[in-house]
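**Q** Turn this into a model:
(one chain, ligands or ions: 1)
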Amino acid sequence: MFSFFKKKKPEADTPALAEAQSAALAAPAAPDEPSGQADAAPAAGPANFLRRLFGGGEAEPVAPVIPEAPAEPESPPARDATNIDPFAARIAADAAVLVNTYEGQLFPETAERPGSEQEKKKSWMARLKAGLSKTSSNLSLLFVGARIDEDLYEELESALLMSDAGMDATQFLLDSLRRKVKEEKLLDAAAVKGALRQLLVEMMRPLEKPLELGRHEPLVMMIAGVNGAGKTTTIGKLAKHMQRFEQSVLLAAGDTFRAAAREQLMVWGQRNNVTVISQASGDPAAVAYDAVQSGKARGVDVVMVDTAGRLPTQLHLMEELKKIKRVIGKGMDDAPHEVLLVIDGNTGQNALAQVKAFDDALQLTGLVITKLDGTAKGGILAAIARTRPVPVYFIGVGEKLEDLQPFSAEEFAEALLG
Ligand SMILES: Nc1nc2c(ncn2[C@@H]2O[C@H](COP(=O)(O)OP(=O)(O)OP(=O)(O)O)[C@@H](O)[C@H]2O)c(=O)[nH]1
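**A** Prediction:
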């Protein structure tokens, strides 16, 4: 079992940290000091849910420690709530209007659905099944009253290819299935369907891996992906989950390219009491470096660095990503400890090309597959497992907090095949 969190900090540390943060908020910034807002109070939360989410089993839920609210800054205010320079503060104010205007579009609220753990689990599976229903109905229909013959294998081949599994994974699954049917002398369609399900689970199992927290102080995570894949939304969801498990989080607005991306993150940070490091005009590598330094100085648990979306074919932008990674390493030895690629589950086979390109450039440690509630077909996970088995930490089926869950090969195969 992976241990998710480091041991709980001694009680005395938290007020001291909160005090230091309050002081940092009230004091004028040193010219070269990185910027950000006061850390969030570690919030109480449904620990069991989060333990399930991240795969940790040992952490005990503990009562939240609420640090005192930071003192109101004296006039003239040294820093605003996001603790950024005046120019960026003005942008943040404008962005607040913008984000409020497009509430639910730019950065949808990640409020949790009500209900017990069991109800949530059921509704998660229902949403995953609904998301993958196109593939599951295609596959399931094949087996209804079917005879085990060449026609079945041919139809199965087409259905797997249509599900985005790709040639390699499809061929592997068919060969393995033929062998299994022969060896186990399977005679009816239901048994063959069961065998296929089992093969899918075995194939995707190597992708299962919980995100392990508490290994570094701070754990530095860099998040990359193509435009609109869901990077910023995923960062927001993860930050809230981590906060509720008493992990302090600091975000780096490293998407200095997309208009409003930085503001989106800053406003979100303001609302959710998460520190956001941002620069008015920015070299993303400098923002990332600043965030790592700040994270170390503040003693936060997790630093997450957002990056601008880019296509793997934009080689100069891929070089920029490599630079960001290198510069993070200068801020802290061995960092970034996690390099995640966020993939839109609707991208089809192109997702595989993304995994290969980003993995070649950054040596990925994990994937997050979002939007499996859309037109996604799901077979891409089989393709990834077969071709470039980078662990899938989370899959997403919507915009709510609990719509992001750890990947489970069993659950996924059940959603695909029933
Ligand atoms: N339906 C659905 N929408 C999602 C999911 N994850 C993210 N989104 C939406 O996808 C859109 C893009 O998300 P962002 O987080 O802004 O994507 P990004 O990768 O940061 O975008 P860029 O910075 O432009 O590259 C937003 O409207 C999100 O709400 C998901 O699992 N399901």
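
**Q** all helices for the stretch 151-300 of the chain, in order.
**A** 166-183, 189-204, 231-244, 261-272, 284-298 (DSSP state H, counting those that start in this stretch).

**Q** closest point of the protein to the ligand, which residue?
**A** Gly309 (2.4 Å; Cβ to the nearest ligand atom). To be clear about C-beta, it is placed using only N, CA and C from the backbone, and glycine gets the same treatment.

**Q** Report how many residues lie close to the closest residue to that residue other than its chain neighbours.
**A** Once flanking residues are discounted, Gly309 sits nearest to Asn227: 3.2 Å by Cβ to Cβ, 6 or more residues apart in numbering. Neighbour count of Asn227, defined by other Cβ atoms under 10 Å: 13.

**Q** what sits against Asn227?
**A** 258, 309-311 (Cβ atoms under 8 Å, 6 or more residues apart in numbering).

**Q** how much space between it and Thr307?
**A** For Asn227, the distance to Thr307 (Cβ to Cβ, to the nearest Å) stands at 11 Å.

**Q** shared neighbours of the two, anything?
**A** With Cβ under 8 Å, 6+ apart as the test, Asn227 and Thr307 reach no residue in common.

**Q** And the strands in the stretch 201-350 of the chain?
**A** 219-225, 249-252, 275-277, 302-306, 338-344 (DSSP state E, counting those that start in this stretch).

**Q** for the shortest one, packing partners?
**A** For strand 275-277, the elements it packs on are strand 249-252, helix 261-272, helix 284-298, judged by 3 or more Cβ pairs under 8 Å, 6 or more residues apart in numbering; DSSP states H and E.

**Q** so which of those is the most packed in?
**A** strand 249-252 (a mean of 30; mean count of other Cβ atoms under 10 Å).

**Q** How about the residues of the stretch 101-250 of the chain by the ligand?
**A** Along the stretch 101-250 of the chain, the residues adjacent to the ligand under the rule Cβ under 6 Å from any ligand atom are 105, 108, 225, 227-233.

**Q** If we use 5 Å, what do you get?
**A** Neighbours of the ligand within the stretch 101-250 of the chain, by Cβ under 5 Å from any ligand atom: 108, 227-233.

**Q** got a pLDDT number for Arg388?
**A** Note on Arg388: pLDDT of 96.

**Q** Distance of Leu238 relative to Glu410?
**A** For Leu238, the distance to Glu410 - Cβ to Cβ - is 23 Å.

**Q** So these two - more neighbours on which side?
**A** Taking other Cβ under 10 Å, Leu238 and Glu410 do not tie; Leu238 has more neighbours (27 against 13).

**Q** Next, the contact list for the more buried one, please.
**A** 304, 394, 404.

**Q** Which of those ranks first by neighbour count?
**A** Met304 (29 neighbours).

**Q** and that residue, what are its bridge partners?
**A** Note on Met304: beta-bridge partners Met221, Leu251, judged by DSSP bridges.

**Q** what sits against it?
**A** By Cβ under 8 Å, 6+ apart, the contact set of Met304 is 221, 223, 235, 238-239, 249-252.

**Q** Equivalent analysis for Gly398, please.
**A** Applying Cβ under 8 Å, 6+ apart to Gly398 gives the contacts 127, 373.

**Q** With Arg127 as the reference, measure out to it.
**A** 6 Å.

**Q** Please report phi then psi for Asn138.
**A** The phi/psi pair for Asn138 (degrees, to the nearest 10) reads phi -60, psi -50.

**Q** Next one: Thr232 from Thr370, what distance?
**A** 11 Å.
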